[in-house]
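Participant: Task: produce atomic coordinates for the following.
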Amino acid sequence: MPTLRTTPIQEGKPVPEPDNIRGLMLMSAGFFAFAACDVQAKVLAEHLHPAQVVWFRQFGLFVGVVILLALKGPHILRSRLPFLQIARGLTAIGSAVFFVLAVRHVPLADATAVTFIAPFLVTLLGAIVLREPVGPRRWAAVAVGFVGMLVVIRPGMGVFHPAILFIVVAALFFSTRQVLSRSLAGLDSVPTTVAYTSITATLILSVTLPFVWQNLHSPTLWAVAVGLAVTAGLGEVLVIRALDIAQASVVAPMQYSLIIWSTFYGFVVFGDLPDGWTFVGCAIIVASGLYTLHRERLNARAKRQSAAAGSASHEPAQ
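Facilitator: Below you'll find the model as predicted:
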């Protein structure tokens, strides 16, 4: 999943009106591409080492970053917190590798449903690491979200697969990545963050390739590998563009469309269809996640109003 944050506004430059309709269309297309990316990763995971699969996924974005550097110049690599950017790249590796490890063994829709606990983990980590205030309503949403996750995985009821725990670890890595993104917001631009993440992940995974590389012996597997790289890069570009032209609070809920596409791809490609309890658990998680996004939007609005009121109170009398 991509980072859902906006580019910091630069003083002295006019702020264009958000194009939310177009942004919603781009965000929807982006997550459709990410779902296609995930199903191709699951196909490759049956034949290749997870690190090699993730390398193909990152390589698509890396090519896009190289093109961006050629067009914009190396200045996009100027970061105020380069070590934090590198750490974010490491969390990207962790989340992707553990996700691929999991989808080797569990249906794609189940894996996607469990990844939706990430917003709740972000709330938890934000409170612990960034000391962000979290009210009782958001804590309640976090608790309900985890209940939804338990409904999906149902430990002790004969349907639990230990590999689903890899998804929980992947969600934890992804949440850490989001918390790092919040620390970088306002200091580095989105292109800078994407470039560092892609370059860090690609270089480190490339070091592992001599030890894990397995030859792709069929044109079909090569086609899937290329498709994985293309859809990963395309999805990231579409989401970044959506966040660039629209309000993040409006387009962010489209991330939950992943469960629709994952269910569709999982059924068409693997014949996997989630049972009723998985849909129930997913509905609980999505509802809690949407409520969490709603509370974050209200908190952000309150902070803006407070900042505006403070600025007005300091203006000299005319």
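
Participant: going forward, measure contacts and count neighbours with C-alpha atoms only.
Facilitator: Noted.

Participant: Worst mean pLDDT across the helices and strands of the protein, which element?
Facilitator: Least confident helix or strand, the chain: helix 248-251 with a mean of 68, by mean pLDDT, DSSP states H and E.

Participant: And the helix or strand following that helix, what does it pack against?
Facilitator: Where DSSP states H and E defines the elements, the next helix or strand beyond helix 248-251 is helix 258-265. Applying 3 or more C-alpha pairs under 8 Å, 6 or more residues apart in numbering; DSSP states H and E, we find helix 258-265 packed against helix 20-45, helix 108-115.

Participant: Can you give the distance of stretch 176-189 from its chain's centre?
Facilitator: 13 Å (C-alpha atoms, centre = their mean, to the nearest Å).

Participant: Alpha carbons of that stretch, as CSV, please.
Facilitator: These are the backbone C-alpha positions of stretch 176-189, laid out as CSV (Å, rounded to 0.1, in the frame of the first residue of the first chain):
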residue,chain,number,x,y,z
THR,A,176,5.9,2.2,10.9
ARG,A,177,6.5,3.5,7.3
GLN,A,178,3.4,5.7,7.7
VAL,A,179,4.6,7.1,11.0
LEU,A,180,7.9,7.9,9.4
SER,A,181,6.0,9.6,6.6
ARG,A,182,4.3,11.8,9.1
SER,A,183,7.6,12.8,10.6
LEU,A,184,8.9,13.7,7.1
ALA,A,185,5.7,15.6,6.0
GLY,A,186,6.4,19.3,5.6
LEU,A,187,10.2,18.7,5.5
ASP,A,188,10.6,16.6,2.3
SER,A,189,8.4,16.5,-0.8
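
Participant: what about that stretch, average pLDDT?
Facilitator: In this model, stretch 176-189 carries a mean pLDDT of 82.

Participant: Report the buried residues of it.
Facilitator: Buried positions in stretch 176-189, judged by neighbour count with 16 or more other C-alpha atoms under 10 Å: 176-182, 184-185, 188-189.

Participant: ok, then the element right after the helix or strand containing T208?
Facilitator: Here T208 sits within helix 190-212, counting by DSSP H and E. Later in the chain than helix 190-212, the nearest helix or strand by DSSP H and E is helix 219-245.

Participant: Centre of the chain to that next one, how far?
Facilitator: Going by C-alpha atoms, centre = their mean, the spacing between the C-alpha centre of helix 219-245 and its chain's C-alpha centre is 14 Å.

Participant: All the helices of the stretch 51-200 of the chain, residue numbers only.
Facilitator: For the stretch 51-200 of the chain, the helices defined by DSSP state H, counting those that start in this stretch cover 82-103, 108-115, 118-129, 136-153, 164-184, 190-212.

Participant: Just the terminal-to-terminal distance for stretch 210-230.
Facilitator: 23 Å (C-alpha to C-alpha, to the nearest Å).
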